[in-house]
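**Q** Make a model of this:
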Amino acid sequence: MKLNVPIIGYILGLIFPLIGSICIYYILFRTAYSFDGYWKIFTSDYDRAAKALTLSLLFNLIPFLYCNYKRYDQTVRGIVSATIFPYFLLFLLYKFVF
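**A** Predicted coordinates for the structure are as follows:
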């Protein structure tokens, strides 16, 4: 399977922030909220949701730096587009609209 394609990067760019969100829960919110309550933050407390989303987006640096080191330019393009379109737009909605 060819790894230097944008769709692989897009999938990685969608999965790593989800993994990062779970890690953020265990690092920051485990003592204050249950896991179900943590996911309810994303629909009720938009300021905390924007902070958690921003921290989880940092986990996209892992595949980004790896693929950049390996010179998988098309995969890097997919990771960046997955970061910008769904997650960054969701962050803008949380921060400035809601």
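**Q** how about the residue most central in space within the chain, secondary structure?
**A** For the chain, residue 17 is the residue whose C-alpha lies nearest the centre (Cα atoms, centre = their mean; 2.6 Å). Secondary structure, DSSP: H, G, I helix; E, B strand; the rest coil: residue 17 is helix.
**Q** who touches it in this structure?
**A** 53, 56-57, 59-60, 83, 87 (Cβ atoms under 8 Å, 6 or more residues apart in numbering). All C-beta spots, glycine's among them, are computed from the backbone N, C-alpha and C.
**Q** Name the nearest of the residues you listed relative to residue 24.
**A** residue 56 (5.5 Å; Cβ to Cβ).
**Q** so how far is residue 25 from that closest one?
**A** For residue 56, the distance to residue 25 (Cβ to Cβ, to the nearest Å) stands at 9 Å.
**Q** and if you look at residue 14?
**A** From residue 14 across to residue 25, the span is 18 Å (Cβ to Cβ).
**Q** Likewise for residue 49?
**A** 12 Å.
**Q** Next, count neighbours for residue 31.
**A** Residue 31: 5 surrounding residues under other Cβ atoms under 10 Å.
**Q** how close does it get to residue 37?
**A** According to Cβ to Cβ, residue 31 stands 12 Å off from residue 37.
**Q** again with residue 53
**A** In terms of Cβ to Cβ, residue 53 sits 16 Å off from residue 37.
**Q** Next: residue 17.
**A** For residue 17, the distance to residue 37 - Cβ to Cβ - is 20 Å.
**Q** give me the element residue 20 is part of.
**A** Using DSSP states H and E, residue 20 maps to helix 6-24.
**Q** Check the contact between residue 13 and residue 85; I expect there is one.
**A** No. Residue 13 lies out of contact with residue 85 (Cβ atoms under 8 Å); the separation is 9.2 Å.
**Q** More neighbours: which of those two?
**A** Each of residue 13 and residue 85 has its neighbours counted (other Cβ under 10 Å); residue 13 has more, 27 against 13.
**Q** now the strands: where do they sit in the protein?
**A** In chain order, the chain shows no strands, with DSSP state E as the criterion.
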